[in-house]
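**Student:** structure here, sequence nowhere to be found:
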């Protein structure tokens, strides 16, 4: 998979590049110093995943994420930052980021999380989850069937549909359809909101 690293600190960019390229399935296709450079490089390099810092000069990570997702909806964006305050987390997820990791994450774990993101999972650092306060939704978790609850739990663990199908011995289509039912019952938009909701309920 091709990754674009976006950070205003050149040392961080180079360090991440060297460490991530030790993974056989990861190719760092570009480095960008701010959000505008990220947009420009996506035009020519077409990465699969963007590792995006939040606070940068010119165009920051939040604005860049909005523009990138508007132009390339299938592009996967992982926020990688030192900031875990509620406002930044909420803004990043609202902008379209599917993952939010802290720079303190070990590179080995980071690579695993990037793969999970590529497989369709949502990735949220455990410390980040504690900071999130989503608007209250009606308490309908008890309305879920056993299968629906199992799939919700697996989504909360960051598993992809394929991984869930293998774990629960279901077809990928059944997992996909059941996930749609769960989102509808809980009045949630996507698997990221489901993961947040599930952990907030303390299930």
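**Tutor:** Happy to help now that I have it. Just so it is clear, the model here is predicted, and its values are computed rather than measured.
**Student:** outline the domain layout of the protein.
**Tutor:** 2-131, 141-200 (automatic domain parsing).
**Student:** flag the shaky bits of this structure, pLDDT-wise.
**Tutor:** Applying pLDDT under 70 to the chain flags the ranges 85, 122, 125-142, 200-203.
**Student:** grab the most central residue of it for me.
**Tutor:** By CA atoms, centre = their mean, the chain has its centre lying nearest to residue 99, at 1.9 Å.
**Student:** these two touch, right, that one and residue 119?
**Tutor:** No. At 11.7 Å, residue 99 does not count as touching residue 119 under the criterion of CB atoms under 8 Å. Bear in mind the C-beta positions are built from the backbone N, C-alpha and C, glycine included.
**Student:** would you map the strands across this structure?
**Tutor:** Assigned by DSSP state E, the chain shows strands spanning 2-6, 27-32, 49-52, 76-81, 99-102, 123-124.
**Student:** how much space between the nearest residue to residue 76 once chain neighbours are set aside and residue 74?
**Tutor:** Excluding the flanking residues, the one nearest residue 76 by CB to CB, 6 or more residues apart in numbering is residue 49, at 4.6 Å. Counting by CB to CB, to the nearest Å, the separation of residue 49 from residue 74 is 11 Å.
**Student:** between these two, who's got more neighbours?
**Tutor:** residue 49 (22 against 6; other CB atoms under 10 Å).
**Student:** so what's that one up against?
**Tutor:** Taking CB atoms under 8 Å, 6 or more residues apart in numbering, we find residue 49 in contact with 1-4, 75-78, 114, 117-118.
**Student:** weed out the non-buried ones from those.
**Tutor:** Among those, those classed as buried by 16 or more other CB atoms under 10 Å are 3-4, 75-78, 114, 117-118.
**Student:** now the residues you listed as a markdown table including distance to residue 38?
**Tutor:** Below are those laid out as a markdown table (distance: CB to CB, whole Å):
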| residue | distance to residue 38 |
| --- | --- |
| 3 | 12 |
| 4 | 6 |
| 75 | 10 |
| 76 | 13 |
| 77 | 9 |
| 78 | 12 |
| 114 | 16 |
| 117 | 16 |
| 118 | 18 |
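**Student:** ok, so of those residues, who is nearest residue 90?
**Tutor:** residue 77 (15.2 Å; CB to CB).
**Student:** so the closest one is in contact with residue 65, correct?
**Tutor:** Yes. Residue 77 is within contact range of residue 65, at 5.2 Å (criterion: CB under 8 Å).
**Student:** quick check: neighbours shared by these two?
**Tutor:** By the contact definition CB under 8 Å, 6+ apart, residue 77 and residue 65 are jointly contacted by 52, 96-97.
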